[in-house]
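>>> Coordinates only, no sequence provided:
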């Protein structure tokens, strides 16, 4: 199967209108319709239910939609990785959320630099949840990312699990306590992931979030390493003893054959193991 029929299919599947899809692709509707018919013939399935007034995906079309996106992303990613590999100054791109490395980024980079397969590392700072997309698009070779995340097309290795702390305004009544429970925040363990996601939508990054906290805003649940690394006037951190831990992983594309990426994963796993052992000894 070639990429052009998949691109045509994807446009129709997303627009659910042949005229709009044809305009988006820069072609006229008749050749687009013929291309879709040829694709259906090649696959031996019906991808769209068509009437004079509507276009809808069939079950087979729904499956192909998900797979087509992955396949086209993989093609683009392969091209980007090939271009970067051919550069006169090749680099390994590591995607990281600025406050989301559990304090491991610098030791990982130092350990990786000693590897025979090491390349210069370009750290790409990104927002919440951007890392998997950057990996799938070939814009990053590896990423430090908190679980859970969309692992489609990716491999990953868990590095560390951290306890959580609540960030509160220093004037908040709960700030007088040494530690908190989820019940103090009117939460149950199963609520934590959605609670964290809902609060993240209120700000672009940790600095903005902590500013809101200091003004008496939300009470985010953060990795414990944040408390030591990001002290802030007017904000206090309190352990939440029964909150599920937050887990950091290193992820990379499944199809990666890069020895440098493999060396970075080994370095990250080694550093994380030492961090876990040090925490156990403390």
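Looks like it came in fine. The structure displayed is predicted, hence computed values, not measured ones.

>>> how would you label residue 125: helix, strand or coil?
With DSSP: H, G, I helix; E, B strand; the rest coil as the basis, the three-state label of residue 125 is strand.

>>> who's in contact with it?
Applying CB atoms under 8 Å, 6 or more residues apart in numbering, one finds that residue 125 lies in contact with 96, 97, 98. Any C-beta I mention is one placed from the backbone N, CA and C, and that applies to glycine too.

>>> so the second one touches residue 131, yeah?
I take that to be residue 97. Yes - between residue 97 and residue 131 there is a contact at 7.2 Å, judged by CB atoms under 8 Å.

>>> list the contacts for residue 134?
Per CB under 8 Å, 6+ apart, neighbours of residue 134: 95, 124, 126, 140, 143.

>>> between those residues, which is closest to residue 170?
Each of the contacts of residue 134 was checked against residue 170 using CB to CB; the closest is residue 126, at 30.5 Å.

>>> and the gap between the closest one and residue 21?
According to CB to CB, to the nearest Å, residue 126 and residue 21 sit 31 Å apart.

>>> and the two? which has more neighbours close in?
residue 21 (23 against 19; other CB atoms under 10 Å).

>>> Which of the three states applies to that one?
Taking three-state DSSP, the label given to residue 21 is helix.

>>> cool, residue 155 as well?
Per three-state DSSP, residue 155 ends up strand.

>>> thinking it is in contact with residue 255, fair?
No - Residue 155 is beyond contact range of residue 255, at 9.5 Å (criterion: CB under 8 Å).

>>> which one of these two has more residues nearby?
More neighbours surround residue 155 than the other of residue 155 and residue 255, with 15 against 12 (other CB under 10 Å).

>>> Need the nearest residue in space to that one, chain neighbours excluded.
residue 254 (5.2 Å; CB to CB, 6 or more residues apart in numbering).

>>> how close does that neighbour sit to residue 121?
Using CB to CB, which is the criterion applied here, residue 254 is 21 Å from residue 121.

>>> Contact partners for residue 243?
Applying CB under 8 Å, 6+ apart, the residues contacting residue 243 are 163, 164, 182, 189, 192, 221.

>>> and the residues you listed, which of them are in helices?
Using DSSP state H to define helices, the subset of those located there is residue 192.

>>> Narrow the contacts of residue 243 to just the buried residues.
Restricting these to buried positions leaves 164, 182, 192, 221, with burial counted as 16 or more other CB atoms under 10 Å.

>>> wait, doesn't the last one sit right on residue 165?
Yes - counting by CB under 8 Å, residue 165 is a contact partner of residue 221 at 7.3 Å.

>>> anything in contact with each of these two?
residue 240.

>>> Out of the buried ones among the contacts of residue 243, flag the one nearest to residue 69.
For those, the nearest to residue 69 is residue 192 (29.7 Å; CB to CB).

>>> In contact with the closest one: list those residues for me.
Neighbouring residues of residue 192 by CB under 8 Å, 6+ apart: 164, 182, 221, 243, 244.

>>> Need the pLDDT of the nearest residue to the second one once chain neighbours are set aside.
Setting aside the residues directly before and after it, residue 182 is nearest to residue 242 in space (CB to CB, 6+ apart), at 5.4 Å. Per-residue confidence for residue 242 comes out at a pLDDT of 94.

>>> Just give me the neighbour total for residue 242.
Residue 242: 16 neighbours (other CB under 10 Å).

>>> got it, and the one 3 residues further on?
Residue 245 has 13 neighbours, counted by other CB under 10 Å.

>>> what sits against it?
Contacts of residue 245 (CB under 8 Å, 6+ apart): 161, 162, 163, 164.

>>> at 6 Å what do you get?
Under the criterion of CB atoms under 6 Å, 6 or more residues apart in numbering, the contact list for residue 245 reads 161, 162, 163.

>>> Show me what the helix or strand of the chain with the lowest mean pLDDT is packed up against.
None of the helices or strands of the chain scores lower by mean pLDDT, DSSP states H and E than helix 59-85, at a mean of 83. Using 3 or more CB pairs under 6 Å, 6 or more residues apart in numbering; DSSP states H and E, the elements in contact with helix 59-85 are helix 3-15.

>>> and the angle for the helix it packs on with helix 59-85?
If you take axes from the mean of the first three to the mean of the last three CA atoms, to 10 degrees, helix 3-15 sits at 120 degrees to helix 59-85.
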